[in-house]
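Engineer: need a 3D model of the following:
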Amino acid sequence: MAARLAPPHYWRPLLFSHNAKHGLTNFSSISALARTPKSRDEGATTVKLSSKARRKAFFESPEGVLLRKLNECSKDGDVVQALRHYDEARKLGVLLNLDHYNKLLYLCSVENGGVPHVGLKRGFEIFQHMLSDRVQPNEATFTNAARLAAAKEDPDMAFELLKQMKNVAIAPKLRSYEPALFGFCNRGDAEKAYLVDADMVQSGILAEEPELCALLQVSVNAEKEDKVYEILHRLRATVRQLSQSTLQIVEDWFNSEYAVKIGKEKWDVCKVREGIVKGGGGWHGQGWLGSGQWKVAKTQVNEDGVCLSCGQKLVSIDIDPKETDNFAASLSKLACQKEVKENFFHFQKWLERHGPFDAVVDGANVGLANGHIFSFSQLNTVVEQLRQISPSKRLPLIILHISRVHGGPAQNPKNRKLIENWKKNGALYTTPQGSNDDWYWLYAAVSCKCLLLTNDEMRDHLFQLLGSSFFPRWKEKHQVRTSASNCGRSLIMPPPYSIVIQESANGSWHVPTVTSDDNEIPRKWLCATRSRKNSLHKLWASSSSSDCA
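Structural biologist: Just a heads-up that it's a prediction; the model follows:
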């Protein structure tokens, strides 16, 4: 007979087994807790207080004092002192809330070199007390509990906690999956790691480089060639350029004895070609091509996109125009949430009347490129350079904050003349007081499908809102930078090839590494090609390609 759920007003505590093999023995009562009223003092008389009065009352209360003490312990990473505060609070009958418990669980779940077992042992006890006190857990609670399970080397328990979080309609985050995923990967349990990964994909959460790196390592160790291939393509699509640690795993794979054995000796050239066209170039997705030893080299790619190791020319991967239109729409929506809607709508209407442009200039970034003093002559130099390379020979659109065109250097007669000339030609838009001009120049460049001149690396919070799928690809193909030399300022145009993992029609791979912001430092690439004997198939493939419609 099926067990009945407890009624909404009753919370039955969750039971733990401290046996790492079995982990949690009973999760059913979490569902009941999800329907439990939040207040633990249901019969207490309520007094209406102002927000300020409530904050002051809490600040001075035993609960407020405890929270401040726990915050200090969290800053210092002092789990021992936090546990002392916790024990004292329980003796005094202080009512702990969600914030208290989450602070404690976090501290217990974080590695502490001095007391590796104290936090782990007490963490489960604190979680048990929290549930017994009918304090409703949230995502942070479950994640910290999962970290405790992972520290206990029990990724099964961590995964079970994740499932329970979803069962009570709490949306997991990427960090929620990490304890189980990393736990299984560290244990070498590839199949269970894949189950966690599949659950993450089903939840619509995008794995980042650390998660994909762990999956790649466990797949290489388990000699799962299809998974290695899949994860390389996921890295290509989302990470694009790899850190040194991830690159080392890729290099180890191509140098392994097992990698020599895998791959198709003959393949359908038409399908490979269709895959490349469908994907916009740079990959085909038809699996490992070729056979035999891999030649692996760390190398560089010249300014024309030619690999200095194998001589192959890398390609520029196309962007679907529909993706650009969708990105412009989402960018407009975000901008209207962050900016005064009327101001941004006014800009969009202005752009419709005066655009499209061949290039957009982040005026503040370029004008301040040499220091703290804004230089209109410096800005004008690159504006004229962009006009010269423009197909229409038209001035680019210059975006400047209104304060830049009414004070300081703008008062100089020569600069005033430049400003008036730009306005006359419909090439200057001034953003209003209180606005963030980043939204304006980025939207203009995306909607006009044109070049964007800025040295801004576009990595702050604003640009993180745009995601990691489309924006890096767009930026790579559209961002123009400027550099200074003895000959003055010059433009650094977008590369004629895509700086992303590329899979060639003959089965070779080129993997770029992340690099510093210094454009003078060459980027390192990993080149992996089959040995020379496989070039015979390349000749066969070329002769057969004429059969493709």
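
Engineer: contact partners of stretch 211-218?
Structural biologist: Under the criterion CB atoms under 8 Å, 6 or more residues apart in numbering, residues 174, 177-178, 181-182, 184-186, 188-190, 193-194, 197, 200, 207, 227-228, 231-232, 234-235, 238-239, 243, 245-246, 249-250, 253 lie in contact with stretch 211-218. Yep, even glycine has a C-beta here, placed from its N, CA and C like the rest.

Engineer: so which of the residues you listed are in helices?
Structural biologist: 174, 177-178, 181-182, 184-186, 190, 193-194, 197, 200, 227-228, 231-232, 234-235, 238, 245-246, 249-250, 253 (DSSP state H).

Engineer: now a ChimeraX select for only the buried ones of those residues.
Structural biologist: Buried members of those, defined by 16 or more other CB atoms under 10 Å, are picked up in ChimeraX with:
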select :177,178,181,182,184,185,190,193,194,197,200,227,228,231,232,234,235,238,246,249,250,253
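
Engineer: mind listing what's buried in the host helix or strand of residue 342?
Structural biologist: Assigned by DSSP states H and E, residue 342 falls within helix 341-354. Of all the residues in helix 341-354, those buried under the rule 16+ other CB under 10 Å are 343, 344, 347, 348, 351.

Engineer: give me the most central residue, this protein.
Structural biologist: The centre of the chain sits closest to residue 468, judged by CA atoms, centre = their mean, with a distance of 5.3 Å.

Engineer: I'd say that one and residue 235 touch.
Structural biologist: No. Using CB atoms under 8 Å as the test, residue 468 is too far from residue 235 to be in contact (11.8 Å).

Engineer: which residues touch residue 72?
Structural biologist: By CB under 8 Å, 6+ apart, the contact set of residue 72 is residue 78.

Engineer: sec struct for it, please.
Structural biologist: Here residue 72 is helix, with the state taken from DSSP: H, G, I helix; E, B strand; the rest coil.

Engineer: same check, this time on residue 494
Structural biologist: What three-state DSSP gives for residue 494 is coil.

Engineer: for the stretch 51-200 of the chain, what spans make up the helices?
Structural biologist: 51-60, 62-76, 79-92, 98-109, 118-132, 139-151, 155-167, 174-187, 190-202 (DSSP state H, counting those that start in this stretch).

Engineer: and of those helices, who's closest to residue 428?
Structural biologist: helix 174-187 (42.2 Å; CB to CB).

Engineer: looking at stretch 359-373 now, give me its mean pLDDT.
Structural biologist: Across stretch 359-373, pLDDT averages out at 88.

Engineer: so what touches it?
Structural biologist: With contacts defined as CB under 8 Å, 6+ apart, stretch 359-373 is touched by 374-376, 378-379, 382-383, 386, 390, 396-401, 404, 409, 437-438, 441, 444-445, 448, 450-456, 480, 482, 484, 489.

Engineer: hang on, isn't residue 529 packed against residue 294?
Structural biologist: Yes. Residue 529 is within contact range of residue 294, at 7.0 Å (criterion: CB under 8 Å).

Engineer: with neighbour numbers in mind, choose between these two.
Structural biologist: Counting neighbours by other CB atoms under 10 Å for residue 529 and for residue 294 shows that residue 529 has the greater number, 25 against 22.

Engineer: show me what contacts the more buried one?
Structural biologist: Here residue 529 is in contact with 294, 295, 309, 310, 312, 506, 507, 508, 509 (criterion: CB under 8 Å, 6+ apart).

Engineer: among the contacts of stretch 359-373, name the buried ones.
Structural biologist: 374-376, 378-379, 382-383, 386, 390, 396-401, 404, 409, 437-438, 441, 444-445, 448, 450-456, 480, 482, 489.

Engineer: those in helices, which ones?
Structural biologist: 376, 378, 379, 382, 383, 386, 437, 438, 441, 444, 445, 448.

Engineer: quick one: the helices in the stretch 251-400 of the chain?
Structural biologist: All helices of the stretch 251-400 of the chain, identified by DSSP H, counting those that start in this stretch, fall at 257-261, 269-279, 321-338, 341-354, 363-367, 376-389.

Engineer: which other helices and strands contact the third one?
Structural biologist: This means helix 321-338. helix 341-354, helix 437-448, helix 471-478 (3 or more CB pairs under 8 Å, 6 or more residues apart in numbering; DSSP states H and E).

Engineer: which residues touch residue 446?
Structural biologist: Taking CB under 8 Å, 6+ apart, one finds 324, 327, 328, 331, 474 in contact with residue 446.

Engineer: ignore the last one, residue 194
Structural biologist: Contact analysis of residue 194 by CB under 8 Å, 6+ apart lists 215, 227.

Engineer: helix, strand, or coil at residue 430?
Structural biologist: Following three-state DSSP, residue 430 is assigned to strand.

Engineer: against residue 343, how distant is the nearest residue to it once chain neighbours are set aside?
Structural biologist: Excluding the flanking residues, the one nearest residue 430 by CB to CB, 6 or more residues apart in numbering is residue 402, at 4.5 Å. Residue 402 sits 11 Å away from residue 343, going by CB to CB, to the nearest Å.

Engineer: got any residues that touch both of these two?
Structural biologist: When contacts are counted by CB under 8 Å, 6+ apart, residue 402 and residue 343 have 431, 432 as shared neighbours.

Engineer: that'll do, ta.
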